[in-house]
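>>> return a 3D structure for these sequence lines:
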Amino acid sequence: MQLRAMPCPVAEIVPVPHLAAAPPRIREREPHGIDPALLAEWQALAGHASEPNCFQEPWFVRAGLAHLATEGDVRLIEARDGELIGVIPLCVRSSLGRIPAPNVQNWRHHNDFLGTPLIRAGREADFWAALLAYLDEAPWARGFFHLNGLVEGGAVHAGLSAAAAALGRPAAVVQRQKRAALASNLSPEAYLEQTVRKKKRKELKRLAARLAELGSVASRTLAPGEDWRPWCDAFLALERSGWKGRNGSALACAPEREAFFRDALAGAAAAGRLQLRSLELDGRPIAMLVNFLVPPGSFSFKIAFDEDYARFSPGVLIQIDNLDILSRGDIGWMDSCAAENHPMIDSLWGERRTIARVSVPLRGVRRRLIYTACRLVEDGWARAKRILRRRP
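Predicted coordinates for the structure are as follows:
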């Protein structure tokens with residue numbers, strides 16, 4: 001299969017305007033109990049952001065803060081210039097992976113699959129320049145600044161690079177991950193034919209036919225105005241019935257994770273972002289998908305399937321149904337949110353999106369030494385890995 005870079009604006013290097021003479025004003029907000037006025041502005045900002053990201057919209061961030069954040073761990077930062085320019089939740093960590101190096105990070109949790117903050121289009125460099133200057137002076141900002149989960153080459157990444165360069169600092173990409181994405185002008189049928197080998201397509205048709213021999217097979221999507229809560233209950237039960245339930249990683253295995261999931265879906269539904277899909281046998285779900293739609297983009301958030309029917313590959317079959325996102329006029333692409341080299345998704349989706357980690361030094365001798373030491377260790381590990389891969 002030929003892999004393709006995503007042909008969508010968020011994957012391209014874009015020109016960054018000159019920094020404004022007067023930078024936006026930075027303000028720290030109390031992350032818990034965010035006032036309704038800010039929530040409304042934040043949600044409105046999502047419609048004007050340079051890069052769509054459901055995981056940084058207020059309903060998703062607020063659900064994470066309510067159930068998955070440690071008290072006092074998160075600082076909610078906003079930038080204003082008359083209007084809201086950008087919002088980012090930050091935290092301080094004592095290490096970067098296995099390296100004991102204090103740093104400021106964008107706050108994320110295990111169910112947050114993209115860290116790109118919402119920034120008003122055209123103000124990306126201004127936002128980052130103001131934030132870096134603020135962190136330079138903040139007594140709580142230890143070490144360096146580390147951004148986890150940026151779309152490499154997107155407008156937000158380009159703005160960060162431009163702001164750091166204006167301050168005479170590097171913005172080093174320290175890690176990359178390529179994950180499957182869906183972006184094409186083809187019809188779902190033509191896309192499947194182009195992306196999946198003929199032998200594999202024939203096998204999938206055979207599996208679908210065998211499944212149909214067991215009863216009535218139907219594909220359903222949550223209808224406008226339909227109650228999403230029974231779908232949520234069904235998804236949680238389906239996920240817990242499989243291997244995730246057995247190893248304790250299913251959402252329903254931990255009260256805080258289940259509460260987060262329910263709040264996130266409630267917020268997505270209220271914001272008009274929620275899409276739920278189900279592949280059913282005799283009216284019972286055997287595979288389910290949770291998608292978030294943020295035109296012109298979309299994100300495949302969660303998938304679950306009944307392992308009793310694993311021989312029919314219900315997870316793959318529902319992803320084939322999911323290709324009908326290509327028929328929507330308001331959606332240009334979908335991010336799989338899957339791990340790199342995911343065996344199921346990578347065999348169906350031909351595009352790739354590069355997600356990067358970026359580190360920027362902050363002002364001060366001690367901070368710069370911490371940044372430099374961390375980069376030397378990371379570079380050393382990277383060279384060692386390359387050498388080991390070349391060995392016979």
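
>>> show me the strands in the stretch 51-200 of the chain, by range?
Taking DSSP state E, counting those that start in this stretch to define them, one finds strands in the stretch 51-200 of the chain at 75-81, 83-93, 103-106, 118-119, 144-151, 172-182.

>>> neighbouring strands - and their directions - for the fifth one?
Partner strands and pairing direction for strand 144-151 (DSSP bridges) are strand 103-106 (parallel), strand 351-360 (antiparallel).

>>> so for residue 391, which of those strands sits nearest?
strand 351-360 (26.5 Å; C-beta to C-beta). Backbone N, C-alpha and C define where each C-beta goes, glycine included.

>>> hey, C-alpha coordinates of that closest one in CSV?
Provided in CSV are the C-alpha atoms of strand 351-360 (Å, rounded to 0.1, in the frame of the first residue of the first chain):
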residue,chain,number,x,y,z
GLU,A,351,-2.9,8.9,4.5
ARG,A,352,-0.5,9.7,7.4
ARG,A,353,-0.4,12.7,9.8
THR,A,354,2.8,13.5,11.6
ILE,A,355,2.4,14.4,15.3
ALA,A,356,5.5,16.0,17.0
ARG,A,357,6.9,16.8,20.4
VAL,A,358,8.7,20.2,20.4
SER,A,359,11.0,21.7,23.1
VAL,A,360,11.9,25.4,23.5
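
>>> return the most buried member of the strands of the stretch 51-200 of the chain.
strand 118-119 (a mean of 30; mean count of other C-beta atoms under 10 Å).

>>> just checking, what packs against that strand?
Packing partners of strand 118-119 (3 or more C-beta pairs under 8 Å, 6 or more residues apart in numbering; DSSP states H and E): helix 36-46, strand 83-93.

>>> point out where the chain drops to low pLDDT.
Applying pLDDT under 70 to the chain flags the ranges 1-18, 21.

>>> can you give me the helices for the stretch 251-392 of the chain?
Secondary structure of the stretch 251-392 of the chain (DSSP state H, counting those that start in this stretch): helices located at 255-270, 314-322, 365-390.

>>> which among those helices is found nearest to residue 96?
Using C-beta to C-beta, those put helix 365-390 closest to residue 96, at 6.0 Å.

>>> buried sites along that closest one?
367, 370-371, 374-375, 377-378 (16 or more other C-beta atoms under 10 Å).

>>> shouldn't residue 258 be in contact with residue 235?
No. The pair residue 258 and residue 235 does not pass the contact test of C-beta atoms under 8 Å, sitting 10.7 Å apart.

>>> looking at these two now, which is surrounded by more residues?
Using other C-beta atoms under 10 Å as the criterion, residue 258 and residue 235 rank with residue 235 on top: 24 against 17.

>>> next up, phi/psi of the more buried one, please.
Main-chain dihedrals, residue 235, degrees, to the nearest 10: phi -60, psi -50.
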